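S.K.: Starting from these lines, generate the structure:
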Amino acid sequence: MGLYANFKQYPLRYSDFDFKDELKLSSLLSLAQESAGASADELGFGYSVLKPRSLGFLVVHTYCELRRAVGLGETLTVETWPLPPRHVIFERDYRVTDSAGSEVAAMASRWCLADLNTFSLLPPEALGSAHARCPYRDEKAVEVPKWKLPRISQGDPVRSLHIENSHTDHYLHANNAQYADFFLDCFSQEELKKRKISAFQIAYVKQLKAGDTAEFFREDGERDCLLEARAGGELCTAMRLYFA
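M.R.: As a prediction, this is how the structure comes out:
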């Protein structure tokens, strides 16, 4: 028997693309989220199984390297698999390929299993027999330089955003894919036209819910950019963009 992986094919839609006719980062994150859900369903710990127990998986980190821009009319295949969990950290990697089988993106993610009533973090054993029989796979799709992102030291917010119902998902918080759009809106179109994103990393620290107001901060480096979303002065989410 071969190593476990879930393969899911996605014909891309016009709404998946930005003003440059390139696949949006938020759309790529949505594909990863869909594939993670399909894989969890296969392995016996999907949303429909966990919801009645008031349990849920929450993503806490994502790192992605982009091999090339994806254009209109393409169909992508997302391959995903879970890695052996450590303490309360569950890892999942993804390999994204085009119709010719060439890799267009590679992703790594970290998740936590939470009790949705108390938001306490739970070990893999809370999954019961599904954990015991899960065919975890050691292979990494991509090596993460460092999971911890540096903090932005100072500066004024560059924009603010009131979180609305349309931003939230079934966990009643802003969906992880939405943050890519939130952060890229800290740039002008002219800035994004001149720069090519080669990789990005997002750390999810605290939930943003409908009614919250997030302030966004930005700190530019020579080949990268740090961004933060804060609510009430507290860090909620951070992103690092790497430019080619």
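S.K.: only C-alpha atoms for contact and neighbour calcs from this point on.
M.R.: Will do.
S.K.: Could you list the low-pLDDT ranges of this protein?
M.R.: Flagging of the chain using pLDDT under 70 yields the residue ranges 1-2.
S.K.: From the contact counts, what lies against the lengthiest helix in it?
M.R.: Counting residues, the longest helix found in the chain (DSSP state H) is helix 25-43. Other helices and strands packing on helix 25-43, by 3 or more Cα pairs under 8 Å, 6 or more residues apart in numbering; DSSP states H and E, are strand 6-11, helix 47-50, strand 75-82, helix 178-184.
S.K.: who does the last one touch, helix- and strand-wise?
M.R.: So the one you mean is helix 178-184. Contacting helix 178-184 under the criterion 3+ Cα pairs under 8 Å, 6+ apart are the following elements: helix 25-43.
S.K.: I'd like the distance from R240 to G37, if you could.
M.R.: 25 Å (Cα to Cα, to the nearest Å).
S.K.: could you pull out the strands for the chain?
M.R.: 6-11, 55-66, 75-82, 90-97, 103-115, 121-122, 159-162, 197-204, 213-220, 224-231, 234-243 (DSSP state E).
S.K.: Which neighbours in the sheet does the third one have, and how are they oriented?
M.R.: Using DSSP bridges, the strands paired with strand 75-82 in its sheet are strand 6-11 (antiparallel), strand 90-97 (antiparallel).
S.K.: Determine which stretch of the ones you listed is the most buried.
M.R.: When these are scored by mean count of other Cα atoms under 10 Å, the highest mean neighbour count falls to strand 90-97 (a mean of 23).
S.K.: and the angle from it to helix 25-43?
M.R.: Angle, strand 90-97 to helix 25-43, by axes from the mean of the first three to the mean of the last three Cα atoms, to 10 degrees: 120 degrees.
S.K.: CA atoms only for strand 90-97, dumped as CSV, please.
M.R.: Coordinates of each C-alpha in strand 90-97 appear next as CSV, following Å, rounded to 0.1, in the frame of the first residue of the first chain:
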residue,chain,number,x,y,z
PHE,A,90,-1.3,18.7,14.2
GLU,A,91,0.6,19.3,11.0
ARG,A,92,-0.7,19.0,7.4
ASP,A,93,1.1,19.6,4.2
TYR,A,94,-0.1,20.2,0.6
ARG,A,95,1.3,19.9,-2.9
VAL,A,96,-0.5,21.8,-5.6
THR,A,97,0.0,20.8,-9.2
